[in-house]
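K.L.:
Have a look at this fold, sequence not included:
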């Protein structure tokens with residue numbers, strides 16, 4: 001199935017599969033009543049998106065039980081192909097000792113070494129994705 005722009009709509013399973021294919025994403029959160037976007041490294045753990053942030057960061061404060069969006073993508077300009085996946089869900093700062101122990105073993109390192117960090121887990125509630133199909137002479141696949 002394609003959307004009105006000619007992008008292939010990905011299934012939920014395709015979106016889940018793609019979530020493990022790139023190490024960098026963007027989190028969208030609210031900062032002083034305005035949208036804010038921040039690049040983050042992440043891993044998937046127990047069907048949640050897990051990121052690290054400094055303990056005193058705006059993201060750590062804003063993500064406490066808030067609805068956030070998280071986006072990943074990959075584009076190959078030479079092949080004119082690519083995809084994007086968006087996760088929308090509640091973010092929580094991980095505080096349970098049993099979860100923290102497991103998350104500390106994840107292949108996820110803070111970008112600012114030495115600072116105390118918070119693990120933030122995003123539980124996907126809405127998951128969507130699009131793929132830019134290889135086209136011939138710029139025509140949309142459903143034309």
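P.N.:
Cool, got the structure. Computed from a predicted model, the values in this text were never measured in an experiment.
K.L.:
what about the longest strand in this protein?
P.N.:
strand 117-132 (DSSP state E).
K.L.:
is residue 87 in a bridge, and if so with what?
P.N.:
On the basis of DSSP bridges, residue 87 is bridged to residue 70, residue 127.
K.L.:
quick revisit: average pLDDT for the longest strand of the chain?
P.N.:
Averaging pLDDT along strand 117-132 gives 94.
K.L.:
Remind me what that strand packs against, helices and strands.
P.N.:
strand 8-9, helix 12-18, strand 48-54, helix 58-62, strand 67-76, strand 81-93, helix 97-104 (3 or more C-beta pairs under 8 Å, 6 or more residues apart in numbering; DSSP states H and E). From N, CA and C alone the C-beta is placed, and that goes for glycine too.
K.L.:
contacts for the first one?
P.N.:
Outside strand 8-9, the residues within contact range by C-beta atoms under 8 Å, 6 or more residues apart in numbering are 1-3, 128-133, 141.
K.L.:
helices or strands up against the lowest-mean-pLDDT helix or strand in the chain?
P.N.:
Of all the helices and strands that make up the chain, helix 58-62 has the lowest average by mean pLDDT, DSSP states H and E, namely a mean of 82. Helices and strands touching helix 58-62, by 3+ C-beta pairs under 8 Å, 6+ apart, are strand 24-31, strand 34-45, strand 48-54, strand 117-132.
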